[in-house]
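In: got a structure for you, letters missing:
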């Protein structure tokens with residue numbers, strides 16, 4: 001029954017993905033009433049399978065559909081997009097992140113907020129995604145908006161001055177949606193500069209540890225970081241006193257420091273400074289706006305607009321700083337996890353110098369297979385971690401067996417097979433995240449065989465995790481092409497024949513096919529990963545890049561008298577690098 005449920009879940013997941021892509025493709029052509037039930041139905045499938053990158057994509061899609069159903073659902077849609085953004089960024093899946101940005105741009109465009117739509121969509125365009133549907137959607141919407149040639153018309157009035165209500169709306173939308181502190185500050189500064197019709201706008205944040213005001217957003221002055229003591233200048237005065245400062249003639253105010261003008265050649269005339277507060281009424285930083293255009297001065301209305309923007313900006317800035325702090329903690333945890341994995345792998349290599357480097361090469365072969373199969377980032381990452389750790393259980397195998405010269409006895413062979421179960425037991429006790437459980441499953445299934453005759457659980461077919469099936473090919477290929485205590489490495493033709501003939505028996509045939517599509521230069525990269533890579537010159541790389549493993553295998557299985565000169569040269573070139581492989 002469990003096997004049946006697994007197969008149904010995999011099939012349902014594939015069907016759900018296809019349905020989601022269909023909904024995206026027909027987003028602007030099919031009726032919303034037909035698309036919503038489909039998106040809601042497949043969402044349950046993604047949740048059941050814990051497919052977070054697809055949950056993020058489909059939640060972004062549902063947000064757009066919610067908005068298209070009724071534009072009064074704008075706030076609900078924004079909240080859904082924010083949740084989807086969080087899931088997408090934490091899944092580190094480019095398709096999910098790009099899809100989320102597209103959906104933000106889609107709603108901005110529908111709201112006639114063309115500048116924000118273009119800005120968001122151009123961010124999406126810069127993300128390399130394997131999803132051709134979303135790539136096309138992003139490009140087409142950018143072209144559509146640019147053709148309208150009204151990206152700024154909705155914000156213009158009286159010689160290019162943005163309407164205050166539009167500025168407040170743009171800022172409010174950004175504050176509700178943006179978690180990137182730098183992007184948030186830049187957008188707020190842009191809107192303040194436009195709505196107050198000013199030449200420059202700087203957003204300073206207060207660094208309490210160093211007692212400095214710091215800004216990376218200084219519109220009109222480039223993007224270099226600015227730092228100075230928090231009690232200096234007019235911005236410092238506003239931060240210290242908590243007051244709004246509106247100066248109509250900078251050089252007549254004793255608090256103004258003209259030295260910066262002397263250094264830069266800039267002429268400061270009018271200044272509007274305002275502290276930024278959080279909900280506890282603590283000062284987070286300062287808005288500093290310089291030089292009202294057309295030799296005008298900042299008015300009481302300008303002050304009121306800045307107060308309206310600042311009251312919400314303070315909360316949003318604090319939230320964004322908290323989000324970045326959490327993201328930093330996640331990145332630190334990932335680095336700790338990587339160090340943990342590398343340390344465990346090093347402990348394996350330390351047991352046996354003959355097999356040292358095996359886990360790293362299995363990782364590299366697995367990466368190449370994942371690349372050919374176009375697997376998503378999360379799946380690939382789990383496979384890579386599992387590849388590095390797949391033999392960690394050998395720390396429980398006796399040295400006399402692990403390092404024995406010569407053939408193993410039946411009892412010794414049974415003992416060394418125990419390393420897979422030990423691997424599972426070790427990794428299954430390490431709780432880092434839910435995803436790491438999959439690493440344990442993959443790492444402990446690399447000796448399972450597609451026909452069910454492997455070990456330790458006698459899994460067969462798709463009962464074996466996909467990553468385990470990838471590792472099986474990588475592990476065997478590296479083992480038979482490397483020296484062991486009891487034998488030398490095999491000739492490449494024999495090694496490739498073992499992999500090829502093992503399809504649908506020992507190995508998943510689809511993964512064997514993927515392995516045979518690897519370019520020869522990429523294979524040589526693995527061979528030379530632990531030897532002097534200077535041996536590998538560009539001309540040889542370009543030659544090997546023209547052919548894949550399948551071409552080489554077909555060549556080697558032909559009679560040598562049928563070889564052309566170029567065939568002989570290719571075989572000789574490949575074998576030169578193959579013989580350099582570590583552990584020859």
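Out: Received the coordinates, thanks. Note that the structure is predicted; figures quoted are calculated from it, not measured. Residues are numbered from 1 along each chain as shown.

In: and the nearest residue to residue 125 once chain neighbours are set aside, what is it in contact with?
Out: Of all residues not flanking residue 125 in the chain, residue 138 sits nearest, at 5.4 Å (Cβ to Cβ, 6 or more residues apart in numbering). Heads up, the C-betas are built off the backbone N, CA and C, glycines and all. Contacts for residue 138 (Cβ atoms under 8 Å, 6 or more residues apart in numbering) come out as 98, 101-102, 105, 121, 124-125.

In: can you give me the distance of residue 138 to residue 38?
Out: Counting by Cβ to Cβ, to the nearest Å, the separation of residue 138 from residue 38 is 22 Å.

In: what is the least confident helix or strand in the chain?
Out: Least confident element among the helices and strands of the chain, by mean pLDDT, DSSP states H and E: helix 164-177 (a mean of 60).

In: from residue 127, how far off is the residue positioned nearest the centre of the chain?
Out: In the chain, the residue lying closest to the centroid (Cα atoms, centre = their mean) is residue 92, at 3.4 Å. According to Cβ to Cβ, residue 92 and residue 127 sit 12 Å apart.

In: what's the single longest helix in this structure?
Out: helix 300-351 (DSSP state H).

In: what helices or strands is it leaning on?
Out: Counting contacts by 3 or more Cβ pairs under 8 Å, 6 or more residues apart in numbering; DSSP states H and E, helix 300-351 is packed against helix 164-177, helix 181-195, strand 271-277, strand 283-292, helix 358-373, helix 377-389.

In: quick one: buried residues of the last one?
Out: By neighbour count, with 16 or more other Cβ atoms under 10 Å as the criterion, the buried positions of helix 377-389 are 377-389.

In: and for the longest one?
Out: Buried residues in helix 358-373, defined by neighbour count with 16+ other Cβ under 10 Å: 358-370, 372-373.

In: what does the residue nearest to residue 125 show for phi and psi?
Out: When read as degrees, to the nearest 10, the backbone of residue 138 gives phi -60, psi -50.

In: what does the pLDDT read for it?
Out: On pLDDT, residue 138 comes in at 90.

In: next one: residue 410
Out: At residue 410, pLDDT is 90.

In: start to end distance for stretch 547-560?
Out: 18 Å (Cα to Cα, to the nearest Å).

In: related to what we said a few turns ago, how close does the residue nearest to residue 125 sit to residue 146?
Out: Taking Cβ to Cβ as the criterion, residue 138 is separated from residue 146 by 13 Å.

In: which one of the buried residues of helix 358-373 is nearest residue 61?
Out: residue 373 (25.1 Å; Cβ to Cβ).

In: on the pLDDT front, check the spatially closest residue to that closest one that is not a sequence neighbour for me.
Out: Nearest residue to residue 373, sequence neighbours excluded (Cβ to Cβ, 6+ apart): residue 514, at 4.9 Å. Residue 514 is assigned a predicted lDDT (pLDDT) of 97.

In: low-confidence stretches in the protein?
Out: 1-11, 149-180, 216-225, 330, 352-354, 431-435, 485-486, 532-535, 581-584 (pLDDT under 70).

In: and the gap between the residue located most distally from the centre of it and residue 312?
Out: Here the chain has its C-alpha centre computed as a mean, and the residue farthest from that point, by Cα atoms, centre = their mean, is residue 252 with 52.2 Å. According to Cβ to Cβ, residue 252 stands 33 Å off from residue 312.

In: ditto for residue 413
Out: 69 Å.

In: those two: who's more crowded?
Out: A count of neighbours by other Cβ atoms under 10 Å puts residue 312 above the other of residue 413 and residue 312, at 16 against 11.

In: can I get the helices and strands packed on helix 300-351 in a markdown table with distance to residue 110?
Out: Formatted as a markdown table, the helices and strands packed on helix 300-351 follow (distance: least, Cβ to Cβ, whole Å):
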| stretch | distance to residue 110 |
| --- | --- |
| helix 164-177 | 12 |
| helix 181-195 | 19 |
| strand 271-277 | 31 |
| strand 283-292 | 30 |
| helix 358-373 | 37 |
| helix 377-389 | 30 |
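
In: can you say which of these is nearest to residue 580?
Out: Where the helices and strands packed on helix 300-351 are weighed against each other on Cβ to Cβ, the nearest is helix 358-373, at 13.4 Å.

In: give me the distance from the closest one to the chain's centre.
Out: Mean C-alpha position of helix 358-373 versus that of the full chain (Cα atoms, centre = their mean, to the nearest Å) differs by 19 Å.

In: quick one, that helix and helix 300-351 angle?
Out: Interaxial angle of helix 358-373 relative to helix 300-351 (axes from the mean of the first three to the mean of the last three Cα atoms, to 10 degrees): 130 degrees.

In: I'd guess residue 204 is in a strand, am I close?
Out: Yes - counting by DSSP: H, G, I helix; E, B strand; the rest coil, residue 204 is found in a strand.

In: tell me how many other residues crowd the nearest residue to it once chain neighbours are set aside.
Out: Spatial nearest neighbour of residue 204, excluding adjacent residues (Cβ to Cβ, 6+ apart): residue 213 at 4.1 Å. Here the count is done by other Cβ under 10 Å, and residue 213 has 25 residues near it.

In: now swap in residue 414 and tell me
Out: Quick note: residue 414 (other Cβ under 10 Å) scores 12 neighbours.

In: may I ask which helix or strand encompasses it?
Out: helix 410-428 (DSSP states H and E).

In: name the next helix or strand downstream of that helix, please.
Out: helix 434-443.

In: and that following helix, what does it pack onto?
Out: helix 377-389, helix 410-428, helix 466-480.
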